[in-house]
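Colleague: Generate a structure from the sequence data that follows.
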Amino acid sequence: MKFETKIKVAAGAIILVMSTVAALPVIVNRQVHVVVAELQSASDAERLNLTLLEMLLNAETAQRGFVVTGNQRFLEPYYAAVNAIPATQAALRKELTSPAEIARVEAIEHATAAKLRIVEETIGLRREGGLDAAAAFMATGTGKAQMDLLRKLIGDELAIYAKRRNDLGGQLLATSTTAANASLFATITNILFLAAMLVAGQRVLRQRNAAELKAKQAAGQAEVTAERLASQNDLLFRSAELMHSLELAETVDESAGIIASYLPRLLPKLSGSLYLYNNSRDLLERKAGWGDFAGEPETIEALDCWALRRGSPHLYVDGDGLACRHAADSKLDRLCLPLVTQGDVIGCLTVTGGELAKGEPIQHVWIGQVAEQLGLALSNVKLRVSLRQQSIIDPLTQLYNRRYLDEILKRELARSSRSGVPLSVLVLDLDHFKRINDTYGHEGGDAILRKVALTLRENIRSADVACRMGGEEMVVLLPECGIEDAIKRADALRQLIAAGEVLHDGQRIGATASIGVASYPAHGHNVQTLVHAADLALYEAKHGGRNCVRAAPPVGAPANAEREMADNRQGK
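Modeller: Predicted structure coming up:
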């Protein structure tokens, strides 16, 4: 084969390899867009299922509140859920792509309709037949069984979508690996062809130097393309890893820490801060930072940032454009991006550094994509935190509920058993609470309950746990506290409750409390016996004149209090 022919063949091979390398980013980008779209659809379907479950829980909670109180205001969450559920179901159907998904969603819709009918029937019974009729119907367990079915159906659906996300993440990783391998193969192939051309070029005359120079230039371009592709693959991999880590986060603060650890690698040579709205949504607080962010403010107002005003990314480079008021250094290049999910702005991402001016437009697009993913991930974390809080917090008093008390008491008893330290329980009941409700109405009674709950929260240790058992009965868990100290602390709480008053409709309302005290291991070794002992002590306090503290009788003492509990309930 002639030398000229060899040159032509080698050049053709190099062109073919370079064309393949040039086409790889397009192919990979197209595949990534498809997978990201499927991930978005799966995330939207999961969020809609979580929203549907939350609205059903709100409807059930509203029903219970109405049945217990008879107050129409408790039904507002129920009406809101009834009005919003059809739209949520319609939006969920738009995300369906297979008959199996449609069948599962139809099963959830049928179960939802059945649950709403049960709630409506319970409300109707409360209106027409009063508390006893509604309570009797609720005692059948029909509503609970239907809610358990809904939790199972929706939980199964969420598990399916979680598996789908994992599969899609694996697909992204496989695509990245394939692209990297193809890039490596193309680079090695180019190097081999160029080496052959260099060896052959040494055997020819000087007039062949021009062809050799062109081959070297082609090799350089191929290496640049390969490096760019490798960099993009690395960013895609780290982005997928960040999203997966955020899915496992349990709090917003933990999510902020994860973001701060990943962004230096996703946005190298750049600095920045992550701001999120506080609870009152009047300020944005810095939750995370990376790089050189020491001069950035701890809090900013929405009107101080042009990105938040416009609802779109705002770039300020080389003094061109409007500088945000929150910028400590107006000469510093800055890119601000609002974090938006479902049309709601939850925060802002600020990126600074000289690379913004040097970077290509595709870099700014990449930063925008990162911000979009962070907004969605943080929104999901907030939703999970909110749902967990709603499941363990009593909405009226903001104390923990009975469900949380059962869990924490079992855990603390096990810990006390292992370590040999005491554990005390205070069972607190407001005196003559029915008289307060009859005199000042349920709103006055609720005001007293909130006041007592606030007194408990402000006057217990950080390790103590205050819960509402139901009605006007509350429980305080005192880890590492013996019976003598528990009695002193119970009496201090009793005095604070008696001294507290609330102003309701121009009248000052006060209340007193009777408190029963029991301690592990003196009065019991399990949840039931310990709480029962404290309950006996409470009724001794009621029988002893109220507004006092009584300790549980020793184990094996005559159960006078137990016989008097039924009598004292009438005068509670």
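
Colleague: Could you check how far A240 is from E250?
Modeller: Here A240 is placed at a distance of 20 Å from E250 (CB to CB, to the nearest Å). C-beta here means a position set from N, CA and C on the backbone, and glycine is covered the same way.

Colleague: Within the helices and strands, which one has the residue sitting nearest the centre point of the chain?
Modeller: For the chain, the residue nearest the mean C-alpha position is V381 (2.5 Å; CA atoms, centre = their mean). Using DSSP states H and E, V381 maps to helix 361-392.

Colleague: hmm, back to that, give me the more crowded residue out of A240 and E250.
Modeller: A240 (22 against 11; other CB atoms under 10 Å).

Colleague: G169 is in contact with that one, correct?
Modeller: Yes: at 5.6 Å, A240 counts as touching G169 under the criterion of CB atoms under 8 Å.

Colleague: For these two, list the residues in contact with both.
Modeller: When contacts are counted by CB atoms under 8 Å, 6 or more residues apart in numbering, the set common to A240 and G169 is empty.

Colleague: on that earlier part again, contacts only, for the residue nearest to the centre of the chain.
Modeller: 246, 249-252, 255.

Colleague: and if we set it to 7 Å?
Modeller: Applying CB atoms under 7 Å, 6 or more residues apart in numbering, one finds that V381 lies in contact with 246, 249, 252, 255.

Colleague: where does the stretch 101-250 of the chain have low pLDDT?
Modeller: The model of the stretch 101-250 of the chain has pLDDT under 70 over residues 190, 193-194, 197, 200-201, 204-205, 215, 218-219, 222, 224-236.

Colleague: Can you show me the helices along the stretch 151-300 of the chain?
Modeller: 209-247, 252-266 (DSSP state H, counting those that start in this stretch).

Colleague: mind checking the SS state of G545?
Modeller: State at G545, reduced to three classes by DSSP: H, G, I helix; E, B strand; the rest coil: coil.

Colleague: What's the local residue count around it?
Modeller: G545, neighbours per other CB under 10 Å, totals 9.

Colleague: could we number from 38 for the rest of this?
Modeller: OK, 38 is where the count begins now, so the last one is G582.

Colleague: Backbone dihedrals for it, both of them.
Modeller: phi 110, psi 0 (degrees, to the nearest 10).

Colleague: before we move on, what about the one 3 residues further on?
Modeller: Main-chain dihedrals, C585, degrees, to the nearest 10: phi -150, psi 170.

Colleague: In contact with it, which residues?
Modeller: Per CB under 7 Å, 6+ apart, neighbours of C585: 551, 578.

Colleague: I'd like the distance between it and Q565.
Modeller: Distance from C585 to Q565, by CB to CB: 25 Å.

Colleague: and if you look at L190?
Modeller: Distance from L190 to Q565, counting by CB to CB: 33 Å.

Colleague: So if I had to pick from these two, which one is more boxed in?
Modeller: Between L190 and Q565, counted using other CB under 10 Å, the more crowded position is L190 (20 against 9).

Colleague: That one against V142, yeah?
Modeller: No: under the criterion of CB atoms under 7 Å, L190 is not in contact with V142, lying 9.3 Å apart.

Colleague: Could I get the contacting residues of A118?
Modeller: By CB under 7 Å, 6+ apart, the residues touching A118 are 92-93, 95-96.

Colleague: most neighbours, which of those residues?
Modeller: Result: A96 is most packed of the contacts of A118 (other CB under 10 Å), 25 neighbours.

Colleague: Name the nearest residue to that one, ignoring sequence neighbours.
Modeller: Spatial nearest neighbour of A96, chain neighbours left out: A118 (4.1 Å); criterion: CB to CB, 6 or more residues apart in numbering.

Colleague: Please settle this for me: is that neighbour part of a strand?
Modeller: No: under the criterion used here (three-state DSSP), A118 is helix, not part of a strand.

Colleague: For it, give me the pLDDT.
Modeller: pLDDT for A118: 85.

Colleague: how near is it to D185?
Modeller: 18 Å.

Colleague: what's the answer for T149, then?
Modeller: Taking CB to CB, one finds T149 at 13 Å from D185.
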